[in-house]
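Chemist: Just need the structure, nothing else, for what follows:
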Amino acid sequence: MIKKPRKASLDEKKKLEKELKEVRHRLARALADYQNLERHFRDEMKQQVFLVKKQLLEEVIEIYQVVEKMLVRKKDNDLELIRSQFEVLLKRWQVKRIELKVGDKFDPHLAECLEVVKGKKEDIIVEVVRPGYALAGRLLRPALVKVSKKLT
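Modeler: The predicted structure follows:
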């Protein structure tokens with residue numbers, strides 16, 4: 001004998017609709033939480049990759065600058081070749097030198113003030129001691145500069 005499905009009462013229907021609405025709400029909330037977690041994880045991974053690249057590239061830049069200093073003292077074709085290979089490597093990794101020069105306004109987001117010297121104008125770079133570098137538009141290493149201050 002086959003049982004006929006019984007008809008749900010109006011109260012049961014309302015109760016089931018309420019439960020369904022609650023389950024849908026919890027599901028939507030869980031999905032939103034998952035998407036937020038996924039985004040947070042992606043952002044964290046990007047930050048970790050940046051920090052690893054930064055650490056490695058800071059060391060590469062130190063060696064690159066030693067080669068540049070050696071070339072200032074003595075011209076050498078082998079050193080020129082090494083420097084050009086470093087430049088290709090840095091370009092491939094999207095590392096760019098921060099172009100600061102004497103007379104530019106001091107920007108604490110791009111440079112660190114190594115020394116304050118007496119000058120005619122306020123917050124003007126009077127010497128670039130060490131160039132700075134950026135990695136894909138983010139500061140990798142700030143420049144070191146000497147800055148003028150009006151000292152009275």
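
Chemist: Who are the packing partners of the helix of greatest length in the chain?
Modeler: Assignment by DSSP state H gives helix 10-73 as the longest helix of the chain. Applying 3 or more C-beta pairs under 8 Å, 6 or more residues apart in numbering; DSSP states H and E, one finds that helix 10-73 contacts helix 77-92, strand 132-135, strand 138-141. Using the backbone N, CA and C atoms, a C-beta is placed for each residue, glycine as well.

Chemist: Of those, which is nearest residue 39?
Modeler: Residue 39 sits nearest to strand 138-141 of all these, at 19.1 Å, using C-beta to C-beta.

Chemist: Need the contact partners of that closest one.
Modeler: Counting contacts by C-beta atoms under 8 Å, 6 or more residues apart in numbering, the residues outside strand 138-141 that touch it are 50, 54, 57-58, 61, 95, 98, 109-110, 132-134.

Chemist: Given it, what are its sheet partners and their directions?
Modeler: Sheet partners assigned to strand 138-141 using DSSP bridges are listed as strand 132-135 (antiparallel).

Chemist: How far off centre is the partner strand?
Modeler: Centroid displacement of strand 132-135 relative to its chain, using C-alpha atoms, centre = their mean, to the nearest Å, is 10 Å.

Chemist: Report the mean confidence score over it.
Modeler: Strand 132-135 shows a mean pLDDT of 94.

Chemist: repeat for stretch 83-98
Modeler: On average, stretch 83-98 scores 95.

Chemist: Identify each buried residue in it, please.
Modeler: For stretch 83-98, a neighbour-count test (16 or more other C-beta atoms under 10 Å) marks 83, 86, 90, 95, 98 as buried.

Chemist: Could you pull up the residues touching the fourth one?
Modeler: Going back to what we said before, that points to residue 95. Contacts of residue 95 (C-beta under 8 Å, 6+ apart): 57, 61, 133-135, 140.

Chemist: and those residues, which are buried?
Modeler: 57, 61, 133-135, 140.

Chemist: between these, which is nearest residue 26?
Modeler: residue 135 (42.5 Å).

Chemist: which residues does the closest one bridge with?
Modeler: Counting by DSSP bridges, residue 135 is bridged to residue 95, residue 138.
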